[in-house]
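*Asks:* Predicted model and sequence below, questions to follow.
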Amino acid sequence: MMTVLLIIQLLVSAGLVGVVLMQRSDGGALGIGGGGGGMMSSRGAASILTRSTTFLGAAFFILSIVLAIVAGVDAQGQSVFDTVEEEAPVLDLTIDQENQTPTLPDEG
């Protein structure tokens with residue numbers, strides 16, 4: 001379930017980025033859809049892009065909330081720290097008296 005929602009979220013976000021980049025920019029060189037011509041008028045294209053942006057933005061927002069809820073239900077009250085060992089293994093280091101260098105005990 002989580003994988004399907006994540007794939008849908010990825011597609012929606014990629015579509016949202018694409019639709020936003022195709023919109024005409026009022027302030028500079030960010031938009032790539034500023035040219036005229038084509039099958040639709042500029043007003044019709046702007047209307048479709050605006051509606052697409054609204055729909056994809058709402059879908060992104062709703063999917064984000066659903067993913068947070070599903071992740072919370074899947075966790076079942078467990079934390080990442082619950083899986084960590086209680087005590088870390090301790091290695092006994094011995095110091096070589098001649099060289100004054102620590103060494104690990106022989107594994108035997």
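*Replies:* That came through, no problem.
*Asks:* Low-confidence stretches in the protein?
*Replies:* Within the chain, the stretches with pLDDT under 70 are 25-45, 74-108.
*Asks:* same thing but at 50, please
*Replies:* 30, 37-39, 108 (pLDDT under 50).
*Asks:* Buried residues, the longest helix along it. List them.
*Replies:* Counting by DSSP state H, the longest helix found in the chain is helix 42-75. Neighbour counts over helix 42-75 (16 or more other CB atoms under 10 Å) mark Ala45, Leu49, Ser52, Thr53, Leu56, Ala59, Phe60, Leu63 as buried. Where C-beta positions appear, they are placed from N, C-alpha and C, glycine not excepted.
*Asks:* which helices and strands sit right next to it?
*Replies:* Under the contact criterion of 3 or more CB pairs under 8 Å, 6 or more residues apart in numbering; DSSP states H and E, helix 42-75 touches helix 2-22.
*Asks:* The helix it packs on versus helix 42-75: what angle between them?
*Replies:* 160 degrees (axes from the mean of the first three to the mean of the last three CA atoms, to 10 degrees).
*Asks:* Give the buried residues for helix 2-22.
*Replies:* Buried residues in helix 2-22 (16+ other CB under 10 Å): Gln9, Val12, Gly15, Leu16, Val19, Met22.
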